[in-house]
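A.B. asks: Would you be able to build a 3D model of this:
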Amino acid sequence: MFIDTHFHLGSDSYDDYQEVLNEARKNQVSPFIVSGCNRKEMEEVLKIASLEEDVFLTLGYHPDCADSVIDEDLKFLEEKIKASSCVGVGEIGLDYHYGKENRNKQIDLFRKQLALAEKYHLPVVIHTRDAIQDTYDIIKEYNVVGVLHCFNESLEMAKVFLKLGFYFGIGGVVTFKNSKLHETVKELPLEKILLETDSPYLAPEPYRGKKNGPWNIPVIAQRIADIKQITLEEVSKITLTNTHRLFDLTKKM
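C.D. replies: Purely as a prediction, here's the structure:
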C-alpha cells in the first residue's frame, strides 16, 4: 500500500472527488492526506473528510493568500485545525517566484501559522519557491517539524533541513527527464522521504502534461526504487512508516 501525503481535492481540481479516490484505491493508494490551502478549498475538503474514513487533512493558507487573509480567516483556521481529520498545518510558506513585492505579508502569514502549529503540536507542510533561505531562517525559530512539500532544492539545503528533523515530499518532478532531483534523492535517506503527487499538478512521466491524480503514487515510488536500487516493496514499507511517524493517522482509525 501507498499513501499520497499531499494533493488537492477541491472543486477547482476535480469534478468528482469520489472517482479520484476510488481510482487511487484501485492502485493500492490509501489513506490520503489532502491539502486545503485557501478558505474555499478548506471548506470543501473538510466536508469530504467528514464523509471519507481514509481522508485526512492538512490545513493552512498558501503564500498566494498573503494579500487577502484577514484575522477572521486565521480564527477559522485555528478552529478547523482542531478537527479530528486535521493532521498538520499547511501548505504554508514563502513564494518569491513572481517577485518579492509582498514579502513582508508572506512572512507575517507564515509566522502566524507556524505559531499555530507549535501551539497545537502539529507538523507543518512547507511550500517554498525561490525563498529557501528565508524559509529556513524563519522555521528554525519555531519548535516545529514537518515536510518540505514538492522538494526540488539542492542537496546542501536538504542537509540543512535534515538537521532540523524535516522530511522531504517527493513527487512527479523526480521522473522528469530534465530534472536533477534524482541526484538529490539518491543521497537523501529513504527514512526521510514521503510520497506525494501534488495533484492535479505535476503528473509524472510518462503522463506529464495530463491531469495528475493520487493513483500515480506507485509510478513515483518506482522511480525512487530505481534511483535507490531497491525494491518497490521497500519504498512502500519505509515511506508508509515515515508518514505515520510524522502524521497521526490514528484519529479516525
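
A.B. asks: going forward, measure contacts between C-alpha atoms and count neighbours the same way
C.D. replies: OK.

A.B. asks: continuing past the longest strand along the chain, what's the next helix or strand?
C.D. replies: Under DSSP state E, the strand in the chain containing the largest number of residues is strand 86-95. Towards the C-terminus, the helix or strand next in line after strand 86-95, according to DSSP states H and E, is helix 103-119.

A.B. asks: for that following helix, packing partners?
C.D. replies: On a contact count with 3 or more CA pairs under 8 Å, 6 or more residues apart in numbering; DSSP states H and E, helix 103-119 meets strand 86-95.

A.B. asks: could you check the angle helix 103-119 makes with the strand it packs on?
C.D. replies: Interaxial angle of strand 86-95 relative to helix 103-119 (axes from the mean of the first three to the mean of the last three CA atoms, to 10 degrees): 160 degrees.

A.B. asks: my guess is Lys192 contacts Lys163, does it?
C.D. replies: No - counting by CA atoms under 8 Å, Lys192 stays clear of Lys163, with 11.3 Å between them.

A.B. asks: Who has more neighbours out of those two?
C.D. replies: The residue with more neighbours, out of Lys192 and Lys163, is Lys192; 19 against 8, by other CA atoms under 10 Å.

A.B. asks: Could I get the pLDDT score of that one?
C.D. replies: With respect to pLDDT, Lys192 has a value of 98.

A.B. asks: Need the nearest residue in space to Ile138, chain neighbours excluded.
C.D. replies: Spatial nearest neighbour of Ile138, chain neighbours left out: Arg111 (7.5 Å); criterion: CA to CA, 6 or more residues apart in numbering.

A.B. asks: Give me the contact list for the longest strand of the chain.
C.D. replies: If you take CA atoms under 8 Å, 6 or more residues apart in numbering as the criterion, strand 86-95 is touched by 35-37, 56-64, 80-81, 106-107, 110, 113-114, 116-117, 122-131, 134-135, 149, 247-249.

A.B. asks: again, but for stretch 192-208
C.D. replies: Contacts for stretch 192-208 (CA under 8 Å, 6+ apart): 3-9, 13-14, 150, 166-176, 209-214, 216-217, 219-221, 239-240, 242-243.

A.B. asks: So which of these are in helices?
C.D. replies: Ile217, Val219, Ile220, Ala221, Thr239, Leu240, Asn242, Thr243 (DSSP state H).

A.B. asks: Format those residues as a markdown table; extra columns: pLDDT and neighbour count.
C.D. replies: What follows is those, written out as a markdown table (pLDDT from 0 to 100; neighbours: other CA atoms under 10 Å):
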| residue | pLDDT | neighbour count |
| --- | --- | --- |
| Ile217 | 98 | 27 |
| Val219 | 98 | 19 |
| Ile220 | 98 | 22 |
| Ala221 | 98 | 27 |
| Thr239 | 98 | 23 |
| Leu240 | 98 | 20 |
| Asn242 | 98 | 18 |
| Thr243 | 98 | 23 |
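
A.B. asks: Low-confidence stretches in the stretch 151-253 of the chain?
C.D. replies: Low-confidence segments of the stretch 151-253 of the chain (pLDDT under 70): 252-253.

A.B. asks: ok, now with 90
C.D. replies: Applying pLDDT under 90 to the stretch 151-253 of the chain flags residues 250-253.
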